[in-house]
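Trainee: Pasting the sequence and the predicted coordinates here, then a few questions.
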Amino acid sequence: MAQIKNKLRIGILGTGAIGGVLAGLFWREGHDVLCVVRNAAVLAIEKGGIHIESPIFGSFVAHPKASVKLDDAVDVLFITTKSPFLNNALESIDAKQVENAVVVSLLNGVGHREIIRARLGARVAVGMIGMIEVAKGKDGIIRQLSRQNPHIDLASDGDIPKASLDKIAEVIRGAGISTSILKTEAEVIWKKLVRLSAIASLTASFQKMVGTIRSDPQLRKFLEEIVREGALVALHEGVDINPDEVIRKIDSLPETLMTSLQRDVQAHTPSEVDSITGGVLRLAKLYGIPAPAHEHAYGLIKKQSTVN
């Protein structure tokens, strides 16, 4: 654990794969990190720490604090829980403890920022993390499966002064993750969502890796249709996304990539389908945009999504 001049109190709500990596990296950098987690996870973190294995960040064990409640003030709260668990997770946060904090939502899809603002009344920034495939094994070890350096985009529509957002970006960069500040929250969301909705929807619908989706002519056509539908919805949300650039980006992804939506559907655990595929579909209907590819994928995923 390093010693730094500008030490922050950082809360992490939801210490799954992404939250665990962030908690570990911030702790290693020397920040005071508190993971807000369920009872069983509190015991696991207190006894054994958070084990991370990464080709980018190395292998190490972090020892942040852990609690079922956020009952002390923090400077920054990163929300990394998945959307099906958001409302319950927010019950663990005392809104008074984030009155002067910056709350960074890192959830995929749409709909979460409104919930967070309504529940916490806090200064909220929207972030999206990309270029990282991580999974938490049954042994509790968080493994980064991708070999790319992850990246986070951030924005706030007036809630947070630029100087504060710049400081958060520097904290993230200091932990080893490249970070950009974009102009609007919508840009942050749709820059990732158009791509994510395509690869997550297809990999989850057919339980195939990205390389197989790309190389199958019919599935590739389906993929490209979803990208173009998503880009059209994004345009109605005020964000101009070039679908050809998105497809080129998808073509550069590792062949063996599996999405978290795919893993959740495969494991019959609650998934983000309603925030990702379903989120795009709801907005398409709102704007009167035909989205048959999203509708088909959403139906296929829902048929598989019986939760154990």
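Mentor: Looks like it came in fine.
Trainee: Is A291 in contact with V280, as I believe?
Mentor: Yes - A291 is within contact range of V280, at 7.0 Å (criterion: CB atoms under 8 Å). (Glycine included, C-beta is placed from N, CA and C.)
Trainee: who's more crowded, the two?
Mentor: It is V280, of A291 and V280, that has more neighbours when counted by other CB atoms under 10 Å, with 31 against 24.
Trainee: Touching, that one and R195? I think so.
Mentor: No - in this structure, V280 is not within contact of R195 by CB under 8 Å, at 11.5 Å.
Trainee: which residues in the stretch 1-150 of the chain form strands?
Mentor: Counting by DSSP state E, counting those that start in this stretch, the stretch 1-150 of the chain has strands at residues 9-13, 32-36, 50-54, 58-62, 65-67, 76-79, 102-105, 123-130, 134-136, 142-144.
Trainee: joint contacts of A291 and V280?
Mentor: Common neighbours of A291 and V280, using CB atoms under 8 Å, 6 or more residues apart in numbering, are 229, 233.
Trainee: quick one: contacts for the closest residue to L34 other than its chain neighbours?
Mentor: Excluding its sequence neighbours, the residue lying closest to L34 (CB to CB, 6 or more residues apart in numbering) is K65, at 4.7 Å. The contact partners of K65, taken as CB under 8 Å, 6+ apart, are 32-35.
Trainee: follow-up on the earlier one: out of the strands of the stretch 1-150 of the chain, which is closest to Q207?
Mentor: strand 134-136 (15.5 Å; CB to CB).
Trainee: Output the contacting helices and strands for the closest one.
Mentor: helix 17-29, strand 142-144 (3 or more CB pairs under 8 Å, 6 or more residues apart in numbering; DSSP states H and E).
Trainee: per the record, what domains does the protein have?
Mentor: For the chain, automatic domain parsing gives the domain ranges 9-182, 188-304.
Trainee: Switch the ones you listed over to TSV; also include mean pLDDT.
Mentor: Output for the domains of the chain, formatted as TSV (pLDDT from 0 to 100):
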stretch	mean pLDDT
domain 9-182	95
domain 188-304	97
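Trainee: For the stretch 201-308 of the chain, just list every one of the helices.
Mentor: For the stretch 201-308 of the chain, the helices defined by DSSP state H, counting those that start in this stretch occupy 210-215, 217-236, 243-251, 260-267, 277-287, 292-304.
Trainee: other SSEs contacting the fourth one?
Mentor: Under the contact criterion of 3+ CB pairs under 8 Å, 6+ apart, the helices and strands touching helix 260-267 comprise helix 185-206, helix 292-304.
Trainee: Same question for the last one.
Mentor: Helix 292-304 is packed against helix 185-206, helix 217-236, helix 260-267, helix 277-287, with contacts defined by 3+ CB pairs under 8 Å, 6+ apart.
Trainee: Next, the distance between the ends of stretch 6-17.
Mentor: 26 Å (CA to CA, to the nearest Å).
Trainee: what comes up buried for stretch 177-194?
Mentor: Across stretch 177-194, burial judged by 16 or more other CB atoms under 10 Å covers 177, 179, 181-182, 184-194.
Trainee: Hmm, I typed the wrong one, I wanted stretch 257-270.
Mentor: Buried residues in stretch 257-270 (16+ other CB under 10 Å): 257-265.
Trainee: That one: how far from the chain's middle?
Mentor: When C-alpha coordinates are averaged (CA atoms, centre = their mean, to the nearest Å), stretch 257-270 and its chain have centres 14 Å apart.
Trainee: That one: end-to-end distance?
Mentor: Per CA to CA, stretch 257-270 runs 20 Å from first to last residue.
Trainee: In contact with K7, which residues are there?
Mentor: Per CB under 8 Å, 6+ apart, neighbours of K7: 30-32.
Trainee: List just the nearest of the residues you listed to S305.
Mentor: H31 (37.0 Å).
Trainee: What are the buried residues along stretch 240-257?
Mentor: In terms of neighbour count (16+ other CB under 10 Å), stretch 240-257 has its buried residues at 241, 243, 246-247, 249-250, 253, 257.
Trainee: Can you tell me which of those is nearest H51?
Mentor: Nearest to H51 among the buried residues of stretch 240-257: L257, at 22.8 Å, using CB to CB.
Trainee: end-to-end on stretch 176-192?
Mentor: Stretch 176-192: ends 20 Å apart by CA to CA.
Trainee: chain center to that stretch: distance?
Mentor: Relative to the chain's own centre, stretch 176-192 is displaced by 12 Å; criterion: CA atoms, centre = their mean.
Trainee: And for stretch 25-34?
Mentor: With CA atoms, centre = their mean, you get 19 Å for stretch 25-34.
Trainee: what's the answer for stretch 134-152, then?
Mentor: Relative to where its chain is centred, stretch 134-152 has its mean C-alpha point 13 Å off (CA atoms, centre = their mean).
Trainee: Put the alpha carbons of it into CSV.
Mentor: Taking Å, rounded to 0.1, in the frame of the first residue of the first chain, the C-alpha atoms of stretch 134-152 are listed here in CSV:
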residue,chain,number,x,y,z
VAL,A,134,-13.2,-9.5,-15.5
ALA,A,135,-14.8,-12.3,-13.6
LYS,A,136,-15.0,-13.4,-10.0
GLY,A,137,-14.4,-17.1,-9.6
LYS,A,138,-16.0,-19.5,-7.1
ASP,A,139,-12.6,-19.3,-5.3
GLY,A,140,-13.3,-15.6,-4.7
ILE,A,141,-10.4,-14.5,-6.9
ILE,A,142,-11.1,-11.6,-9.3
ARG,A,143,-9.4,-12.3,-12.6
GLN,A,144,-8.9,-9.9,-15.5
LEU,A,145,-9.3,-12.0,-18.6
SER,A,146,-8.7,-9.3,-21.2
ARG,A,147,-5.2,-8.0,-21.9
GLN,A,148,-6.1,-4.4,-22.7
ASN,A,149,-5.7,-1.4,-20.5
PRO,A,150,-9.2,-0.4,-19.2
HIS,A,151,-10.6,3.1,-19.7
ILE,A,152,-13.2,5.1,-18.0
